[in-house]
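In: Fold the following.
(4 chains)
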Protein chains: 2
Amino acid sequence: MVDNKKTNTQNEEQELSAVFAALSDPVRRAILNRLGEGELLVSQIAQPFEISLQAVSKHIHVLVKAGLVVQERTGRVSLCRLDTGPIYKAAIWLNRYSKYWQAQFDTMAVWLDELDKKRK
Amino acid sequence: MVDNKKTNTQNEEQELSAVFAALSDPVRRAILNRLGEGELLVSQIAQPFEISLQAVSKHIHVLVKAGLVVQERTGRVSLCRLDTGPIYKAAIWLNRYSKYWQAQFDTMAVWLDELDKKRK
DNA sequence: CTGTCAATCAACCATATGATTGAATGTAAA
DNA sequence: TTTACATTCAATCATATGGTTGATTGACAG
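Out: Predicted structure coming up:
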């Protein structure tokens, strides 16, 4: 098996790109939010959206390819659930900027307040 | 000033989309990495890349639009530095999945080990 | 002034993305 | 064994993205 450090790094880079790209779409983030509350069928995921079922199915596929969602087909339905392994890596990458977070901590505090207000 | 809760949420969503989209490109992540070590001119940022200066300039512009980089033009040069405020929001968003992190903590530990090995 | 140089603007191109509609697949129910 | 239903596949379309090259802007040096 040919697999050196450089190749690994490239794979990590690609994986990171796929995760961030998957998270860059509001529909996909909404799907992840709903899956955070429990497993759902494709049709259940699609229900609240105004776009077609096929479009939602494609979004789910993007999430699966990025490793954020696992799909398990039993019979004619397909259960989807979170698989947040790769999100670790994204979070870890973001954490490398933590020293800057400290410097601008007030900004974050303000934003957290706003977020709390919205959730009431 | 017309600005209701729904509009705010949409703005937050768009901002989050812009941040994640900006982070989804390996060149832009590399730029952020380098800026993490200090301020740099556009030409200095472009130097290690094989793509054209114009392409790098466009990448920087994407980072500026996402609010991750601030560009300050003095004379004919343009200093770039990190502005990680919006990264807070991305990190906070990711943290909503922290309960899943706990469940799969072993996976993260393994990945962190690999990361350490790479940095040696 | 005039030429040089950092950076951006502009036009263009190839490919990727997100959506649609219609057909196909395959399981469950009648 | 039909029929209905959940999901995916396929073809198509409009727009976004990332790259190129060439022209433009605007500050500094000779």
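In: tell me the pLDDT at A:Thr9?
Out: Here the pLDDT value assigned to A:Thr9 is 72.
In: what comes into contact with stretch A:47-57?
Out: Residues outside stretch A:47-57 that contact it (CB atoms under 8 Å, 6 or more residues apart in numbering or on different chains) are A:Val27, A:Ala30, A:Ile31, A:Arg34, A:Val42, A:Ser43, A:Ile45, A:Ala46. (Each C-beta comes from the backbone N, C-alpha and C, glycine too.)
In: how about it: buried residues?
Out: A:Val56 (16 or more other CB atoms under 10 Å in any protein chain shown).
In: circling back to that earlier point, now, of the contacts of stretch A:47-57, which are buried?
Out: A:Ile31, A:Arg34, A:Val42, A:Ile45, A:Ala46.
In: and the two most separated of these?
Out: Largest separation among these by CB to CB: A:Arg34 and A:Val42, giving 12.0 Å.
In: Retrieve the pLDDT associated with A:Leu63.
Out: So, for A:Leu63, pLDDT stands at 96.
In: Any idea what the nearest residue to it once chain neighbours are set aside is bridged to?
Out: Distances taken as CB to CB, 6 or more residues apart in numbering or on different chains place A:Val69 nearest to A:Leu63, at 4.0 Å, with adjacent residues excluded. Beta-bridge partners recorded for A:Val69 (DSSP bridges): A:Leu82.
In: out of the buried ones among the contacts of stretch A:47-57, which are inside helices?
Out: A:Ile31, A:Arg34, A:Val42, A:Ile45, A:Ala46 (DSSP state H).
In: As CSV, the residues you listed with pLDDT and distance to B:Glu13 would be great.
Out: As requested, these are exported to CSV (pLDDT from 0 to 100; distance: CB to CB, whole Å):
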residue, pLDDT, distance to B:Glu13
A:Ile31, 95, 14
A:Arg34, 93, 15
A:Val42, 98, 23
A:Ile45, 98, 18
A:Ala46, 98, 19
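In: Could you restrict the residues you listed to the ones contacting DNA strand D?
Out: Checking these against DNA strand D by CB under 7 Å from any atom of the strand, the ones in range are A:Val42, A:Ala46.
In: Return the closest of the ones in helices among the buried ones among the contacts of stretch A:47-57 with respect to A:His61.
Out: Proximity of those to A:His61 (CB to CB) peaks at A:Val42, which lies at 10.1 Å.
In: Now the residue nearest to the closest one when sequence neighbours are not counted, what are its backbone angles?
Out: Nearest non-adjacent residue to A:Val42, counting by CB to CB, 6+ apart: A:Ser78, 5.1 Å away. Here is the backbone geometry of A:Ser78 (degrees, to the nearest 10): phi -130, psi 110.
In: which residues sit in contact with A:Ser78?
Out: With the criterion set at CB under 8 Å, 6+ apart, A:Ser78 makes contact with A:Leu41, A:Val42, A:Gln71, A:Glu72.
In: Pull the number of nearby residues for the residue in chain A positioned nearest to DNA strand C.
Out: When scored by CB to the nearest atom of the strand, chain A has A:Gly75 as its residue closest to DNA strand C, at 2.6 Å. Residues lying near A:Gly75 (other CB atoms under 10 Å in any protein chain shown) number 5.
In: One more: A:Arg81?
Out: Other residues close to A:Arg81 by other CB under 10 Å number 14.
In: Chain A: helices as residue ranges?
Out: Going by DSSP H, chain A shows helices at A:5-23, A:26-35, A:42-46, A:53-65, A:85-95, A:98-103, A:105-119.
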